[in-house]
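> Based on what follows, work out the 3D shape:
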Amino acid sequence: MHIGTAMEIVKIPRMDKRDYDRLIEEGYVCRIAFQGEKYPYIAPFLYVFDGKFLYFLSTKYGKKLEYFRKSPYVAVEIEKYSRDLSSFTFVSLQGYLEEVTDSIEKKIIREEFVTLVKERRLSTNILAALGHSPQDPPEAIALEERSLVWKLTGVKDLVALKNL
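As a prediction, the model looks like this:
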């Protein structure tokens, strides 16, 4: 008689590049974990994806800016799940944030955020997270530089999982 069979742990399957690129393309909200003082600091961000890089807008004040200046190394997490959690996928990328300083590149990225807000019919309340008034038109994102443009580069580790 065999006693004490160990229960086998079922691992969540990994996604292939096509699947996680689709997850990234379909989404627009992520969480970024920064290296904080004692604990990690995590904050939600809108993002745009050009097929190669993730871009974010950051207000020019706050803890995230302080932590970015101290260390640009971050983890970015994007997830999608059904209400009852019968289906879920997520991707976690580890890399570093770089401030985009080229004025043409910044303008292009800002226009991508305007398109995101309009095409996804996002509430203009989101503009407050980007340094603007919710009364401003989305085009204000591209017309004024009230936020910094960050780009995720140097991705060293990527974990992309989905349920069965």
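
> which stretches of the protein form helices?
17-26, 63-70, 103-119, 140-143 (DSSP state H).

> got a list of what the residue lying closest to residue 27 once chain neighbours are set aside touches?
In space, and not counting its chain neighbours, residue 27 is closest to residue 78: 5.1 Å by CB to CB, 6 or more residues apart in numbering. Every residue, glycine included, has its C-beta placed from N, CA and C. By CB atoms under 8 Å, 6 or more residues apart in numbering, the residues touching residue 78 are 23, 24, 27, 29, 30, 47, 90, 91.

> where in the chain is pLDDT low?
1-7, 9-13, 164 (pLDDT under 70).

> So which residue is dead centre in it?
residue 30 (3.3 Å; CA atoms, centre = their mean).

> what sits opposite it in the beta ladder?
Here residue 30 sits in beta bridges with residue 45, going by DSSP bridges.

> Looks like it contacts residue 42 (just checking).
No - in terms of CB atoms under 8 Å, residue 30 does not count as a neighbour of residue 42; the distance is 10.5 Å.

> If anything else comes up later, I'll come back, but that's it for now.
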